[in-house]
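K.L.:
Please find the sequence and the predicted model below.
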Amino acid sequence: MKRRKGSTALKGLGVKFGATVRKRYGKVHRTLKQKRRCPSCTSLKFRRIAIGIWQCGKCEYKVAAGAYDVNLGKLQL
């Protein structure tokens with residue numbers, strides 16, 4: 001029997017957490033890890049450095065925004 005290839009984002013979330021929790025976690029993780037453009041210099045080095053703090057690695061532009069996404073209204077759980 002073939003083994004299924006699981007998502008590395010959901011590593012450690014077994015059956016006991018349920019499908020709904022795993023789907024929500026997967027959605028949040030994908031949103032958090034996606035590539036973003038810096039609003040200042042338009043490079044793809046814009047990332048989260050702490051909860052709600054986003055920074056560009058190239059121009060050091062820093063902004064406070066949402067915990068999982070820069071655009072607050074984008075993520076629907």
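P.N.:
Arrived safely, thanks for sending.

K.L.:
List the buried residues in stretch 46-59.
P.N.:
For stretch 46-59, burial by neighbour count (16 or more other CB atoms under 10 Å) applies to 46, 48, 54-56. Backbone N, C-alpha and C define where each C-beta goes, glycine included.

K.L.:
Give me the distance between the two termini of that stretch.
P.N.:
9 Å (CA to CA, to the nearest Å).

K.L.:
Now do that stretch: distance to the chain's middle.
P.N.:
How far stretch 46-59 lies from its chain's middle: 12 Å, per CA atoms, centre = their mean, to the nearest Å.

K.L.:
What is the neighbour count of residue 28?
P.N.:
Other residues within reach of residue 28, judged by other CB atoms under 10 Å, total 16.

K.L.:
now do the one 5 residues further on
P.N.:
In terms of burial, residue 33 registers 12 neighbours under the definition other CB under 10 Å.

K.L.:
Likewise for the one 3 residues further on?
P.N.:
The burial metric for residue 36, expressed as a neighbour count using other CB under 10 Å, is 17.

K.L.:
So which of the buried residues of stretch 46-59 is the closest to residue 14?
P.N.:
Residue 14 lies nearest to residue 48 out of those, by CB to CB, at 26.7 Å.

K.L.:
Please consider this matter closed, and thank you.
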